[in-house]
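Asker: generate coordinates for the sequence data below:
(2 chains)
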Amino acid sequence: MKYKDYYAALGVPRDADPEAIKKAYRKLARQHHPDVSKDAGAEARFKDVAEAYATLKDPEKRAAYDALGSRRGGEEFSPPPQWQRDFGGDAGFGDLDLADLLDALARGRGGRGRSQTVPLRGHDYETSVRLSLEDAHRGTTVNLDVQHEDGTRTLAVTVPAGVTDGQRLRLRGKGGPGRHGGPAGDIYLHIQLAPHPVFRTDGHDLMFDLALAPWEAALGAEVQVPTLDGAVLLTVPQGSQSGRKLRLRGRGLANGHGGRGDLYAMVRIDVPASLAPRERELFEELARESRFDPRATVAKEGGHGH
Amino acid sequence: MATEATDLYWLDPQRRIDQAELAQMCTLSVAELEELVEYGGLVPMSGEGGAVRQFSATCVAPLREAVRLRGHYDLDLFTVSLLLGYLQRIGHLEHQLRTLQAHLPHPQHLPREGPTPWREPHA
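Answerer: Predicted coordinates for the structure are as follows:
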């Protein structure tokens, strides 16, 4: 069995008090936590310090560990005969890790027997799946690779129609298998919707930008717009302002209860970047004739004291 | 290996979860869960006056995350209750942000895929 220098892992002396050990652990855990550090070896380093802390914070485990004496990290050693009697029995330590052995010892002298009879719940797994808008609308089946003791198994999960971005799903009893008669764990699935080139989602409602020419917005128009079911003709009312939302009822995402959200066309008025001579002529004529002042309200409000 | 429809549980605001089940889902004891309620980190939806306490299923994800961090940083339950409050707040704000972003106009760098007016980029 390989010796692990838990004190060195936490950077504390062997006589460090529990408070100093906790402080050193928290500092290192914060530094190497996979949520924080992007270093390639961060996760392994975090596991090392967590393993060291799990032993040193527990007085009984720490005492057992200290009884091994001071050695070099990685040095091969044989656990004391007493440990052999308490834990290993005739089977010996086999491929046991030092941390596992200390765990077993800390569960009590006789912990070996207890650990074999107490039902243990299987591990839970958390994972996220990214679905296309179309799959969320119609429902789909996703394949999840789940780690089991006997290897990786693929679980086909039927995701019903009507899921929305950010929703969470629990797959009861589909996680790791329980031990000694304990129940299996669960899988927690986080649903994410992949960005769509046209539509954005708000729950079961869909939004998209509808670009209109100034004359379409002013005069009204019938324009083809996209929906999940194909293009449809939308009547744009005359005088449609930029930012106006035109609703197509029941053209959004399926809600899973037989209904659908709505689809909103968000008006954005575009102007030509360059004008042909005749277009310029017409715009100039419009500018001369029109009495419309888009800044009239602003001018009135800002007129005081200026 | 396939899932049955009955295996699926949506963790939605409409779904309520009993205290014992929530404790099991989040690898806490019922006593620890009660302590989180006392600290105000967790608010039951019902169950006052002797009835079984129930919680919104939306608290499962932040509570599991808070319990995960509790293990990683050796946090006490009071800190977990504070953390839970902040995780719930972050979740709420993220949801609001997603909603607001959906209502903002798309950035003007969509690939040109035809003459359809809703994809016509500025020149």
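
Asker: residues contacting residue 29?
Answerer: Answering for chain A, as no chain was given. A:Ala29 is in contact with A:46, A:49-50, A:53, B:72-73, counting by Cβ atoms under 8 Å, 6 or more residues apart in numbering or on different chains. (Glycine included, C-beta is placed from N, CA and C.)

Asker: other chain: chain B
Answerer: B:Ala23.

Asker: same question, A:Thr140
Answerer: A:131, A:158-159.

Asker: how about A:Leu120?
Answerer: Applying Cβ under 8 Å, 6+ apart, we find A:Leu120 in contact with A:178-180, A:182.

Asker: and what of A:Arg170?
Answerer: Contact partners of A:Arg170, counting by Cβ under 8 Å, 6+ apart, are A:186-189, B:8-11, B:25, B:60.

Asker: what segments of the chain are helices?
Answerer: Since no chain was named, I'll use chain A. Assigned by DSSP state H, chain A shows helices spanning A:6-10, A:18-32, A:42-56, A:59-66, A:81-83, A:98-106, A:111-117, A:133-138, A:214-219, A:277-289, A:296-302.

Asker: ah, no, chain B please
Answerer: Assigned by DSSP H, the helices in chain B fall at B:19-25, B:30-39, B:60-73, B:77-103.

Asker: which strands or helices does the last one pack on?
Answerer: So that's helix B:77-103. Counting contacts by 3 or more Cβ pairs under 8 Å, 6 or more residues apart in numbering or on different chains; DSSP states H and E, helix B:77-103 packs against strand A:200-202, strand A:205-212, helix B:30-39, helix B:60-73.

Asker: if we look at the last one, which residues are touching it?
Answerer: Residues lying outside helix B:60-73 but in contact with it, judged by Cβ under 8 Å, 6+ apart, are A:26, A:29-30, A:33, A:46, A:50, A:124, A:126, A:168, A:170, A:188, A:190, B:11, B:17, B:22, B:25-28, B:36, B:41-42, B:75, B:77, B:79-80, B:83-84, B:87-88, B:91.

Asker: out of those, which are buried?
Answerer: Neighbour counting over those (16 or more other Cβ atoms under 10 Å in any protein chain shown) leaves A:26, A:29, A:33, A:46, A:50, A:124, A:168, A:170, A:188, B:11, B:17, B:22, B:25-28, B:36, B:41-42, B:75, B:77, B:79-80, B:83-84, B:87-88, B:91 as the buried ones.

Asker: what's the burial count for the closest residue to A:Ser37 other than its chain neighbours?
Answerer: Closest residue in space to A:Ser37, ignoring its immediate chain neighbours: A:Gln31 at 6.6 Å, by Cβ to Cβ, 6 or more residues apart in numbering or on different chains. Using other Cβ atoms under 10 Å in any protein chain shown, A:Gln31 is surrounded by 14 other residues.

Asker: A:Gln31 reaches A:Tyr25, doesn't it?
Answerer: No: here A:Gln31 lies out of contact with A:Tyr25, judged by Cβ atoms under 8 Å, at a distance of 10.7 Å.

Asker: could you identify which of the helices of chain A is most buried?
Answerer: For these, average neighbour numbers computed from mean count of other Cβ atoms under 10 Å in any protein chain shown are highest in helix A:6-10, which has a mean of 21.

Asker: what stretches of chain A score poorly on pLDDT?
Answerer: Counting by pLDDT under 70, chain A shows low-confidence ranges at A:84-96, A:107-117, A:148-149, A:299-306.

Asker: now with 80?
Answerer: Residue ranges of chain A with pLDDT under 80: A:1, A:77-97, A:100-101, A:103-118, A:146-152, A:297-306.

Asker: ok, the nearest residue to A:Gly256 once chain neighbours are set aside - contacts?
Answerer: Closest residue to A:Gly256 apart from its sequence neighbours, by Cβ to Cβ, 6+ apart: A:Gly162 at 2.3 Å. A:Gly162 sits next to A:136, A:139, A:204, A:253-257 when contact means Cβ under 8 Å, 6+ apart.

Asker: just give me the closest of those residues to chain B.
Answerer: The nearest member of the contacts of A:Gly162 to chain B, counting by Cβ to the nearest Cβ, is A:Gly256 at 8.9 Å.

Asker: is it true that that closest one touches A:Gln167?
Answerer: No: applying Cβ under 8 Å as the test, A:Gly256 and A:Gln167 come out as separate, 10.3 Å apart.

Asker: show me the contacts for A:Gly252.
Answerer: A:Gly252 neighbours (Cβ under 8 Å, 6+ apart): A:204-206, A:260-263.

Asker: residues in contact with stretch A:38-46: which ones?
Answerer: Stretch A:38-46 has contacts (Cβ under 8 Å, 6+ apart) with A:28-29, A:32-34, A:36-37, B:72.

Asker: roughly how far apart are the nearest residue to A:Lys2 once chain neighbours are set aside and B:Tyr73?
Answerer: Distance criterion Cβ to Cβ, 6+ apart; nearest residue to A:Lys2, sequence neighbours excluded, is A:Gly74 at 5.7 Å. Between A:Gly74 and B:Tyr73 the computed distance is 27 Å (Cβ to Cβ, to the nearest Å).

Asker: and the two? Which one has more around it.
Answerer: B:Tyr73 (18 against 9).

Asker: still on that earlier bit, of the contacts of A:Thr140 - the most surrounded one?
Answerer: A:Val159 leads the contacts of A:Thr140 on contacts (other Cβ under 10 Å) with 20 neighbours.

Asker: surely it meets A:Leu169?
Answerer: Yes: A:Val159 is in contact with A:Leu169 according to Cβ under 8 Å; the separation is 7.5 Å.
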